[in-house]
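K.L.:
Sequence plus the predicted model coming up.
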Amino acid sequence: MKLHKLLLFLLFVTFASSAVAQSSSQLKKKKEAIQREIELLQKNLNKAAQSKKLTLGEINALNAKIRLMQSKIGVINSEIKNLDSEIHENTNTVHSLQTQLSQLKKEYAGMIRFAQRNRNSYDKMMFIFAASDFNQAYKRIKYLQQFGQYRKKQADYIQGTEKSLKYKIVILDKSLKEKSNLLKEQENEQNKLAKNKTEQASVLNKFSRQEKQFSKDIATRKRQQAAIDRQIRNAIQREIALARKRAEEEARIAAAKARADNKPAPAEKPKTTTNYLTATPEAAKLSAGFENNRGRLPWPVGSGTITENFGRHTEGQAGYTNDGVNIMTADGAAVRAVFSGDVLFVTMMQGIYVVAIRHGDYFTIYQNLRSANVAKGDKVETRQTIGTVATTSDGPMLHFEIMRGQVKLNPEAWIAK
């Protein structure tokens, strides 16, 4: 029973260690991904710093970088917590194995002493012949055989336990060194964060001195965005009008056919934008597929960081609303469709392209493209390249929006984390 319990204990420890190792591996991957984002932002910030003019994109990129650094420190803290748990568990395992080993050796020593007392064949024969009957003599023979086998097994278990103990001590030492390295990394990241917060304070101070200029820039941005929004809204309204016209024509034909066949007219669907835009089986399938992938849609660029979120923003006295997200990415990054659909329009405004794609009653809009690889009416597939991102004074930035009908949605709720 003791040996059985020991085996179960060692099995449990192995599985527990495996679970912690898997979690640690995931944290390392997350930390590496965050570091890649930080490096990409820093690369773009270094380029932006060459210009004397401070931009809103630069402020947002710096803020995003600080958020990422805080997130990285959080991951390091999780790694340390994991290691603390692993160290505690392995320390307990080492103590338990030492106790088990001591007990096994004690039992084995008892067996050796017994074997020494009955070490010659004569003693064994006397033990067997001293039996009261044949049945008892047979049992004594079996006992001696089993005793020998058990002693051998006990010796094997002692060797196995010693091996496990040495392995756990090595792992424990490794974990302690890893924790020491993580604590140094944590301190290093906190120092970097402090420097970036100082830089942030300096930038905000500079911003306050240039607030009038920023207010003008924001006003210009609002006008540009309003012009793009009008074009998007008009294009979607045309799609809705066409879909309504088709639906009404189909309903009229169906009613006329029913009258000719002397049958009751088919029940009309409620007249909603969604019903018009998903009237055809293809559009309904696209819409359902898009909706079912909420939270799992691929990013519209291969790598990047959201530097400005969806919703209301205030910079100094100036306020504005972002109807999508701004993603800072690499120079010349490919812009990809997040889902299959039909290109609603491709237009150029002030030297940059805007692409809108329809997915049933959902629409995705990709702004600030240097070039476009698609044209109105083209069918596109998920992750298909539709153009390349443009680099402006804010850096290589993609503005990405998602709409249902004419309702703006938060893209962060739809794209993969």
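P.N.:
Alright, I've got the coordinates.
K.L.:
Tell me which residues touch residue 77, please.
P.N.:
Taking CB atoms under 8 Å, 6 or more residues apart in numbering, we find residue 77 in contact with residue 186. (C-beta placed from N, C-alpha, C; glycine too.)
K.L.:
Helices along the chain, start to end?
P.N.:
With DSSP state H as the criterion, the chain has helices at 2-49, 56-117, 121-129, 134-209, 211-260, 273-277, 281-292.
K.L.:
average pLDDT for stretch 242-257?
P.N.:
For stretch 242-257, mean pLDDT rounds to 74.
K.L.:
do stretch 203-222 as well
P.N.:
Mean pLDDT, computed over stretch 203-222, is 67.
K.L.:
count of neighbours near residue 61?
P.N.:
25 (other CB atoms under 10 Å).
K.L.:
and it, what does it touch?
P.N.:
Residue 61 makes contacts with 41, 44-45, 48, 305, 307, 328, 395, as judged by CB under 8 Å, 6+ apart.
K.L.:
repeat for residue 280
P.N.:
If a contact means CB under 8 Å, 6+ apart, then residue 280 has no contacts.
K.L.:
now do the one 5 residues further on
P.N.:
Residue 285 is in contact with residue 360, counting by CB under 8 Å, 6+ apart.
K.L.:
Please report the distance of the residue nearest to residue 273 when sequence neighbours are not counted from residue 399.
P.N.:
Using CB to CB, 6 or more residues apart in numbering and skipping residues adjacent in sequence, the residue nearest residue 273 is residue 405, 4.2 Å away. Residue 405 sits 20 Å away from residue 399, going by CB to CB, to the nearest Å.
K.L.:
Then residue 135?
P.N.:
With CB to CB as the criterion, residue 135 and residue 399 are 93 Å apart.
K.L.:
Settle it for me: which of these two has more neighbours?
P.N.:
Neighbour count, other CB under 10 Å: between residue 135 and residue 399, residue 399 has more, with 23 against 9.
K.L.:
Which residue, other than its chain neighbours, is closest to the more buried one?
P.N.:
residue 367 (3.9 Å).
K.L.:
isn't that neighbour right next to residue 227, touching?
P.N.:
No: here residue 367 does not reach residue 227: they are 11.4 Å apart, not a contact under CB atoms under 8 Å.
K.L.:
If you count surrounding residues, which of the two has more?
P.N.:
Between residue 367 and residue 227, counted using other CB under 10 Å, residue 367 has the larger neighbour count: 24 against 12.
K.L.:
Which segments of the chain make up each domain?
P.N.:
Domain assignment for the chain by automatic domain parsing gives 2-209, 214-413.
K.L.:
looking at those, which is buried most?
P.N.:
Counting by mean count of other CB atoms under 10 Å, domain 214-413 has the highest mean neighbour count of the domains of the chain, with a mean of 17.
K.L.:
still on that earlier bit, which of the helices of the chain comes out lowest on mean pLDDT?
P.N.:
Sorting those by mean pLDDT places helix 121-129 lowest, at a mean of 55.
K.L.:
circling back to that earlier point, any idea how far the residue nearest to residue 273 lies from residue 285?
P.N.:
18 Å.
K.L.:
go on, residue 57?
P.N.:
Distance from residue 57 to residue 285, counting by CB to CB: 38 Å.
K.L.:
Ok, residue 197 next?
P.N.:
In terms of CB to CB, residue 197 sits 50 Å off from residue 285.
K.L.:
repeat for residue 306
P.N.:
Distance from residue 306 to residue 285, counting by CB to CB: 30 Å.
K.L.:
Verify the contact between residue 400 and residue 364 for me.
P.N.:
Yes: in this structure, residue 400 is within contact of residue 364 by CB under 8 Å, at 7.3 Å.
K.L.:
Overlap of the contact sets of the two?
P.N.:
residue 300.
K.L.:
Need the nearest residue in space to residue 235, chain neighbours excluded.
P.N.:
The nearest residue in space to residue 235 (CB to CB, 6+ apart) is residue 345, at 5.0 Å.
K.L.:
Okay, and the beta partners of the one you found?
P.N.:
Residues in a beta bridge with residue 345, per DSSP bridges, are residue 356.
K.L.:
same question, the one 4 residues further on
P.N.:
Assessed by DSSP bridges, residue 349 has beta-bridge partners residue 352.
K.L.:
Please give me every residue in contact with it.
P.N.:
Counting by CB under 8 Å, 6+ apart, residue 349 has contacts 224, 227-228, 231.
K.L.:
which two in these are spaced the farthest apart?
P.N.:
224 and 231 (11.3 Å; CB to CB).
K.L.:
ok, residue 199 touching residue 62?
P.N.:
Yes: using CB under 8 Å, residue 199 is in contact with residue 62, at 6.8 Å.
K.L.:
any residues touching stretch 297-307, and which ones?
P.N.:
Residues from elsewhere that reach stretch 297-307, judged by CB under 8 Å, 6+ apart: 36-37, 40-41, 57, 60-61, 63-64, 68, 290, 325-330, 333-339, 364, 366, 382-383, 389, 397-398, 400, 412, 414-416.
K.L.:
Just the CA coordinates for it, please, in PDB.
P.N.:
The C-alpha coordinates for stretch 297-307 follow below in PDB (Å, rounded to 0.1, in the frame of the first residue of the first chain):
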ATOM      1  CA  LEU A 297     -12.100  37.800 -36.700                       C
ATOM      2  CA  PRO A 298      -8.500  38.100 -37.800                       C
ATOM      3  CA  TRP A 299      -6.800  41.500 -37.500                       C
ATOM      4  CA  PRO A 300      -6.800  43.700 -40.600                       C
ATOM      5  CA  VAL A 301      -3.000  43.800 -40.400                       C
ATOM      6  CA  GLY A 302      -0.400  41.100 -39.700                       C
ATOM      7  CA  SER A 303       1.000  42.900 -36.600                       C
ATOM      8  CA  GLY A 304       0.200  46.100 -34.800                       C
ATOM      9  CA  THR A 305      -1.100  47.900 -31.700                       C
ATOM     10  CA  ILE A 306      -4.400  49.700 -31.200                       C
ATOM     11  CA  THR A 307      -3.200  53.200 -30.200                       C
END
